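1. Provide a 3D model corresponding to the input given below.
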Amino acid sequence: MDSARMLIVEDNADLCHTLAEVFRKSGHKVVTALNGAEAQRLLKTSAIDLVLLDLRLPDMLGIKVLEFAKEVDPEIMVIMMTAVANDPRPAVEAMKVGAFDYLTKPFELDEVKLVVAKALETAGLKREVSRLKQQQRGQFPETELFGDSAPMQEIKNLIKIVSDTPRTSVLIQGESGTGKELVAKTIHQWSARQDKPFVPINCGAIPENLLESELFGHEKGAFTDAKALKKGMFELADTGTVFLDEISSMRPALQPKLLRALETQIFRRIGGTADIQVDVRLVAATNRDLGEMVKLGEFREDLYYRLKVMVIVLPPLRERIEDVLPLAQLFIEKNNREFNKNITGIADDAEALLREYQWPGNVRELKNVIERGVILCQGNQLKPEHLPMELRDEKSRHAAVIAAPITATDDDASLSLEQMEKVHIQNVLNKFKGNKSRAAKALNISRSTLREKMRLYELAG
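-> Numbers count the residues shown, from 1 in each chain. Model (predicted):
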């Protein structure tokens, strides 16, 4: 780590000042505290990488500050300083609590520099190991962004352009399964923030009353169940990227607080009185038309325009059908490795089925279809019998859903896409007499997605 954010806690003002100057000259950002209470305040309100902490402070033992620091951030590096050379017990206790190392006073400045350098090197190695583990777990797959079609080339160019900007907000729009989170991760990976945190949060998956706490955190005792201090996603993502998926689900009361955090990079935890400054890029995603929601009074206009500084619209897979077979082949290769198979290609009649299908679930659906096919295939070629029935059924290939069609009328031309979707979902629910499992299957979506859309459109089941 070339530059760290350091906190020096030392009641000897001269020593505290000397240490601060030494590490500022080395390129680090340094804040200081002469007592434990001030140190705890700074730990709560500032992002700190490393603490130089005196064992004995005027108002409390350094061990208490160490415990507090580890509660705020378990990964923080703490180096204890003690003048008690003949009693190792305090230092041993500090190491048990989680201190990285300890120094015995009086010490040489070069000795302090060496221990700090080792601590920061260890912190850097931990982050690198964590990043590699994330890659090995497939958290940053690249195959879904594969494609030589004109729409995908344009998307990749946009991603490269926006990745070079330090803090520009990005709004990603697209149907479910088009890879919105993957684009957000790619923007993060290709940016200068790539070795910093990427923190995703699905606004639609978290109850409305808990979302503010997830985003901005809360102080101990802020509400009934707040039994400990909790850092929010914005604080955890400091210097990195926050990804807000399904931002259209955010309740209007929370939207002004998000807007303030975006514009000022400052927020407060629930129940807190201190402003917390962060440096984050926000990437948001939605499968709804936020502009239409603004017109309906369901989304704040000022937040909408703050989010759409850069807009990336992901095309559905049916609009870039030339990418289907290359993507399918990539998924086959990936699943060959995972399932120890040796499938070398796709039969011509199976290729035709893949090209003709409408892919209502987009790339996610294609990925799942190929995984299923690889599991079923016992030879070296994927054939029609290895594909799901909906791909082999002619009606499914020419219609994205197995449901009664909406009767077109002259008035339908004035309906928005969302209104048409609402009518269609209600038609399907009526057809299956409110059976959500059968309706979800006919619509080719999950039950949870169907429930969310029913809630969104206030539909009767």
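
2. in the stretch 51-200 of the chain, where is pLDDT below threshold?
-> Within the stretch 51-200 of the chain, the stretches with pLDDT under 70 are 84-88, 127-145.

3. can you give me the helices for it?
-> 62-72, 89-97, 109-136, 150-163, 180-189 (DSSP state H, counting those that start in this stretch).

4. include mean neighbour count when you put the ones you listed into JSON lines, please.
-> Where C-beta positions appear, they are placed from N, C-alpha and C, glycine not excepted. Compiled in JSON lines, the helices of the stretch 51-200 of the chain are given as follows (neighbours: other CB atoms under 10 Å):
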{"stretch": "helix 62-72", "mean neighbour count": "19"}
{"stretch": "helix 89-97", "mean neighbour count": "15"}
{"stretch": "helix 109-136", "mean neighbour count": "14"}
{"stretch": "helix 150-163", "mean neighbour count": "16"}
{"stretch": "helix 180-189", "mean neighbour count": "22"}
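
5. I'd like the ones you listed as CSV, with distance to His424 appended.
-> Listed next are those as CSV, based on distance: least, CB to CB, whole Å:
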stretch, distance to His424
helix 62-72, 50
helix 89-97, 59
helix 109-136, 39
helix 150-163, 25
helix 180-189, 22
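
6. which one, of those helices, ends up nearest to Met310?
-> The closest of the helices of the stretch 51-200 of the chain to Met310 is helix 150-163. By CB to CB, the value is 4.9 Å.

7. next, the angle helix 180-189 makes with the closest one.
-> In terms of direction (axes from the mean of the first three to the mean of the last three CA atoms, to 10 degrees), helix 150-163 departs from helix 180-189 by 40 degrees.

8. distance between helix 150-163 and the chain's centre?
-> Here helix 150-163 shows a centroid-to-chain-centroid distance of 20 Å under the convention CA atoms, centre = their mean, to the nearest Å.

9. show me what it is packed against.
-> helix 180-189, strand 310-313 (3 or more CB pairs under 8 Å, 6 or more residues apart in numbering; DSSP states H and E).

10. just give the nearest non-adjacent residue to the residue nearest in space to the middle of the chain, would you?
-> In the chain, the residue lying closest to the centroid (CA atoms, centre = their mean) is Pro200, at 1.6 Å. Leaving aside its sequence neighbours, Pro200 sits nearest to Phe243 (CB to CB, 6 or more residues apart in numbering; 4.2 Å).

11. what about Lys220, neighbour count?
-> For Lys220, the number of neighbouring residues by other CB atoms under 10 Å comes to 12.

12. mind listing what the nearest residue to Ser163 once chain neighbours are set aside touches?
-> Spatially, and ignoring its direct neighbours in sequence, Ser163 is nearest to Trp190 (3.8 Å; CB to CB, 6+ apart). By CB atoms under 8 Å, 6 or more residues apart in numbering, the contact set of Trp190 is Ile159, Lys160, Ser163.

13. which one of those residues is nearest to Ala285?
-> Ile159 (13.5 Å).

14. residue contacts, the residue nearest to the centre of the chain?
-> Glu181, Ala184, Phe243, Asp245.

15. could you dump these into a markdown table with distance to Gln381 added?
-> Shown next, in a markdown table, are the contacts of Pro200 (distance: CB to CB, whole Å):
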| residue | distance to Gln381 |
| --- | --- |
| Glu181 | 32 |
| Ala184 | 36 |
| Phe243 | 39 |
| Asp245 | 37 |
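
16. can you pull the pLDDT of Ala404?
-> Predicted confidence (pLDDT) for Ala404: 38.

17. what's around Asp225, how many residues?
-> Asp225: 8 neighbours (other CB under 10 Å).

18. also Glu351?
-> Residues contacting Glu351 under the criterion other CB under 10 Å number 16.

19. can I get stretch 185-197 in PDB? Just the C-alpha atoms.
-> Taking C-alpha atoms only, stretch 185-197 is exported to PDB below (Å, rounded to 0.1, in the frame of the first residue of the first chain):
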ATOM      1  CA  LYS A 185     -18.400  -5.000 -11.900                       C
ATOM      2  CA  THR A 186     -16.600  -4.500 -15.200                       C
ATOM      3  CA  ILE A 187     -16.700  -0.700 -14.800                       C
ATOM      4  CA  HIS A 188     -15.200  -1.200 -11.300                       C
ATOM      5  CA  GLN A 189     -12.500  -3.600 -12.600                       C
ATOM      6  CA  TRP A 190     -11.500  -1.400 -15.500                       C
ATOM      7  CA  SER A 191     -11.300   1.800 -13.300                       C
ATOM      8  CA  ALA A 192      -8.600   3.100 -11.000                       C
ATOM      9  CA  ARG A 193     -10.700   1.700  -8.100                       C
ATOM     10  CA  GLN A 194     -10.200  -1.900  -9.200                       C
ATOM     11  CA  ASP A 195      -8.300  -2.900  -6.000                       C
ATOM     12  CA  LYS A 196     -10.900  -1.100  -3.800                       C
ATOM     13  CA  PRO A 197     -14.200  -2.600  -2.500                       C
END
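
20. what about that stretch, distance to the chain center?
-> Computed by CA atoms, centre = their mean, the chain-centroid distance of stretch 185-197 equals 11 Å.

21. what of stretch 282-296?
-> On CA atoms, centre = their mean, the centre of stretch 282-296 falls 18 Å from that of its chain.

22. pLDDT on it, on average?
-> On average, stretch 282-296 scores 93.

23. in that stretch, what counts as buried?
-> Neighbour-count burial for stretch 282-296, counted by 16 or more other CB atoms under 10 Å, picks out Leu282, Val283, Ala284, Ala285, Thr286, Asn287, Arg288, Asp289, Leu290, Met293, Val294.

24. and which of these is nearest to Arg300?
-> Of these, the one sitting nearest to Arg300 (CB to CB) turns out to be Val294, at 7.5 Å.

25. element containing that closest one?
-> Counting by DSSP states H and E, the secondary-structure element that holds Val294 is helix 290-295.

26. next structured bit after that helix?
-> Next element after helix 290-295 (DSSP H and E): helix 301-307.

27. and that next one, what other elements does it pack with?
-> Against helix 301-307 (3+ CB pairs under 8 Å, 6+ apart) you get helix 255-264, helix 290-295.

28. returning to that earlier point: out of the helices and strands packed on helix 150-163, the one nearest Asn444 is which?
-> It is, among the helices and strands packed on helix 150-163 and with distance given as CB to CB, helix 180-189, at 18.4 Å.

29. packing partners for the closest one?
-> Using 3+ CB pairs under 8 Å, 6+ apart: helix 180-189 touches helix 150-163, strand 170-173, strand 198-202, strand 241-245, strand 281-286.

30. chain center to that helix: distance?
-> Distance of helix 180-189 from the chain centroid (CA atoms, centre = their mean) equals 9 Å.

31. quick check: domain ranges of this protein?
-> Using automatic domain parsing, the domain parsing of the chain gives 5-133, 150-313, 317-398, 410-457.
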